[in-house]
Every structure is written in C-alpha cells, then in structure tokens.
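Q: Sharing a model that was predicted from the sequence below.
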Amino acid sequence: MSELREKAKAYFDKNIPVGTEVHSNGATAALFTALTNTTHETLVKNWTGDGAAANYAHGGYQTTCNEFVGKYSGYLGSNVFLGQFELEALLKKLDKSYAWIRSDGVARPKYGDIFRPNSYHMGISLDFDGNTWKTIESGQGGPNRDKDGIPAHDKEGKLTGFDIIKRKAEPWKPKTIRGWCDIDLYFGGPDAVSSDIGAEPPFTLEQLYGWWVVSSFNGSGYYYFDRNGQVKTSTTAPLNPGPPNVATGSPYSLDNNSVMINWSPDNWEQFNGPPSGGSMPGLRKSSSPITARKL
C-alpha cells in the first residue's frame, strides 16, 4: 500500500473506526461537521424547506456524500474540491484524465480511491474481501419523511432525520459503478505507480478447488483441482461436482496469484489469477496459450 493510501487508512481508522457510525446530530455532531464542513442545522434548514430548499413542496433532500469526499480530498492535499458528481469531467478539465479509471469489470478501485456510481452519489473505496467491496460513505441518512413527504418529527417537535457517515460492505457489482479517481495517479501524475495490497483480491485455494474446462488450439480437457495439491484430468465433461475416478494426479501450486501444474519435469502449465469472470489465461511450456474456465 502506498504512503498516500496509508495516510487515507489512518484518517478513516481514527475518525470512523470499524463498527462505528458518525451522525450529524447527537454525540457525534461535532465530528460529523469536521468531516463534512456541514452542520446538522444546515441540513435541517434544507429538509424543512428553508432557504435554498424553498422550491420543494416539503423541503430538500440534502445529504453530505459530496462534502465528505471533498473534505477527504483536501486532507490528502488536493487544492481542488473533488466531491463533485461529474468527477470524470473535472479530472479532464484539470488535465488529469489519466487518474480516472472507468469501471470495466476487470479493474477494481483501491484503498482510498474516490468512486462515482451510476446514481448521483459518491464514496470512498476501502478494500475487498473476495467479491465483497468495503467502502466508507456519507449521505447514508436523510430527512426521514413520512408517507406524505413531510419530514417526520418526534413528540417534542424535533426533526427525527439525520445524516450518517458509515462503513459499508456489499457485493462487488462493477456495472453499477461509472468509475473512480485513482488517488496515486491524481497526486503522483501519469507515471506514478498505483499500488494497493488489497487492490485485487488474492487468488485463494477456495476459488481454485473443483472442475475447470481448459481450452487450447487443440481442443478442450477437464481439470479437477483437489484439496490435497493434486490436479486430475478427464477427457469428458464431469457429470457431478465430485472428483474423477482417478487414483493419482499431478502436483500443482498456487503462488503470487499464479497456478503452476507440473505434469512432469519437462511439461508444465501456468495460469494467472485471480479469475476474472470465472476464467484464467494460461500458457503451456510449448508457449501455446490456454484458457481455464470454472465449471
């Protein structure tokens, strides 16, 4: 993880530790304001139709996803407020288009990167646990309107709504994300090395176990990776998820996201993971390309 990403991690670990939330009111109100430059009173004015929200029948819907991102970008050292929905266009205007990573289903945001979903929202990527994406986001609360669209109040007449900054964990769905600003590239320039120990989830043995179909120019075969470090093969498609009825196999190893199969001292195959879309590119000793797809 780069020094900049370590700085981002320290910021979040200090202000929003795992298992905590920061609310715009109550005991965490001061911290919320410090992290967003927005007070609860400012939100209440918007939600109740005062000031800028007077054009709404029952007030506005302001939350602070932008402000949280913008304040964070300033903490990292940006002299430009990055909490803007049109982040891609902003980076282009700043001649930093190289820092915008479009979501393509292969690349993943890294710790501290600023993401923009397809919806009007923003947040900050943390890390991945397999295909579970961990983020930290503000704008997780709101005015708490009733069925008529009017902000709800308690018995004492106080507004019950509040905004929230919180950590989240959801399945990684790249099609729901426009893209993100890579902070290493934004601050370091186009030649900076964008690195993060958790950028791509490590290729685990659990992902490898089971049947794969391996295709090459010469046709296809079926490989079964078992839990004892052996790979066994079949020329026909498996009828069930269990191992083939083969007494012995050949050894395989998983190291640095690469699977190496040693068929014999002079014959090997290597696959590069982790799997993207359930498949892995590979190469035989003969230099012929192969592809493995999980069944």
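A: Arrived safely, thanks for sending.
Q: where in the stretch 101-250 of the chain is pLDDT low?
A: Applying pLDDT under 70 to the stretch 101-250 of the chain flags the ranges 144-160, 193-202.
Q: I'd like the distance between the nearest residue to residue 69 once chain neighbours are set aside and residue 73.
A: Of all residues not flanking residue 69 in the chain, residue 83 sits nearest, at 3.8 Å (CB to CB, 6 or more residues apart in numbering). C-beta: built from backbone N, CA, C; applies to glycine. Between residue 83 and residue 73 the distance is 7 Å, computed by CB to CB, to the nearest Å.
Q: With residue 243 instead?
A: Counting by CB to CB, the gap from residue 243 to residue 73 is 52 Å.
Q: likewise residue 172?
A: In this view, residue 172 and residue 73 are 23 Å apart by CB to CB.
Q: And these two? Which one has more around it.
A: When residue 172 and residue 73 are compared on other CB atoms under 10 Å, the one with more neighbours turns out to be residue 73, at 22 against 17.
Q: did I read that right, the more buried one in a strand?
A: No. Per DSSP: H, G, I helix; E, B strand; the rest coil, residue 73 lies outside any strand segment and is helix.
Q: Quick check: it touching residue 82?
A: Yes. With contact defined as CB atoms under 8 Å, residue 73 counts as touching residue 82 (3.7 Å).
Q: overlap in contacts of the two?
A: Common contact partners of residue 73 and residue 82 (CB atoms under 8 Å, 6 or more residues apart in numbering): residue 114.
Q: ok, back up a step: the residue nearest to residue 69 and residue 65, how far apart?
A: 8 Å.
Q: Could you do residue 45 as well?
A: Relative to residue 65, residue 45 is positioned 18 Å away (CB to CB).
Q: can you count the residues close to residue 244?
A: Residue 244 has 16 neighbouring residues, counting by other CB under 10 Å.
Q: actually residue 217, not the one I typed
A: Look at residue 217: counted by other CB under 10 Å, it has 7 neighbours.
Q: what's the distance between it and residue 289?
A: Distance, residue 217 to residue 289, using CB to CB: 8 Å.
Q: now residue 130
A: For residue 130, the distance to residue 289 - CB to CB - is 27 Å.
Q: Let me know the outermost residue of the protein.
A: residue 247 (42.1 Å; CA atoms, centre = their mean).
Q: any shared contact partners between residue 83 and residue 65?
A: Residues touching both residue 83 and residue 65 (CB under 8 Å, 6+ apart) are residue 122.
Q: Show me the helices in this structure, by range?
A: When assigned using DSSP state H, the helices of the chain occupy the ranges 3-15, 29-36, 40-47, 65-76, 87-93, 183-188, 205-208.
Q: Check which helices and strands the fourth one sits against.
A: With contacts defined as 3 or more CB pairs under 8 Å, 6 or more residues apart in numbering; DSSP states H and E, the packing partners of helix 65-76 are helix 3-15, helix 29-36, strand 114-117, strand 123-129.
Q: Residue 138 is nearest to which of the ones you listed?
A: Nearest to residue 138, of all those, is helix 29-36, at 6.1 Å by CB to CB.
Q: now the closest residue to residue 291 other than its chain neighbours: how far from residue 222?
A: Using CB to CB, 6+ apart and skipping residues adjacent in sequence, the residue nearest residue 291 is residue 215, 5.1 Å away. Relative to residue 222, residue 215 is positioned 11 Å away (CB to CB).
Q: May I have the residues that are in contact with residue 15?
A: Here residue 15 is in contact with 22, 31, 35 (CB under 8 Å, 6+ apart).
Q: As CSV, those with distance to residue 273 and neighbour count would be great.
A: CSV is the format used below for those (distance: CB to CB, whole Å; neighbours: other CB atoms under 10 Å):
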residue, distance to residue 273, neighbour count
22, 37, 24
31, 41, 15
35, 38, 22
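Q: For residue 110, give its distance to residue 180.
A: In this view, residue 110 and residue 180 are 9 Å apart by CB to CB.
Q: Can you check which residues contact both of those two?
A: Common neighbours of residue 110 and residue 180 (CB under 8 Å, 6+ apart) are residue 125.
Q: Now stretch 250-258: buried residues?
A: 250, 252, 254 (16 or more other CB atoms under 10 Å).
Q: Run through who's touching it.
A: With contacts defined as CB under 8 Å, 6+ apart, stretch 250-258 is touched by 200, 202-203, 205, 208, 225, 229-232, 259-264, 270-274.
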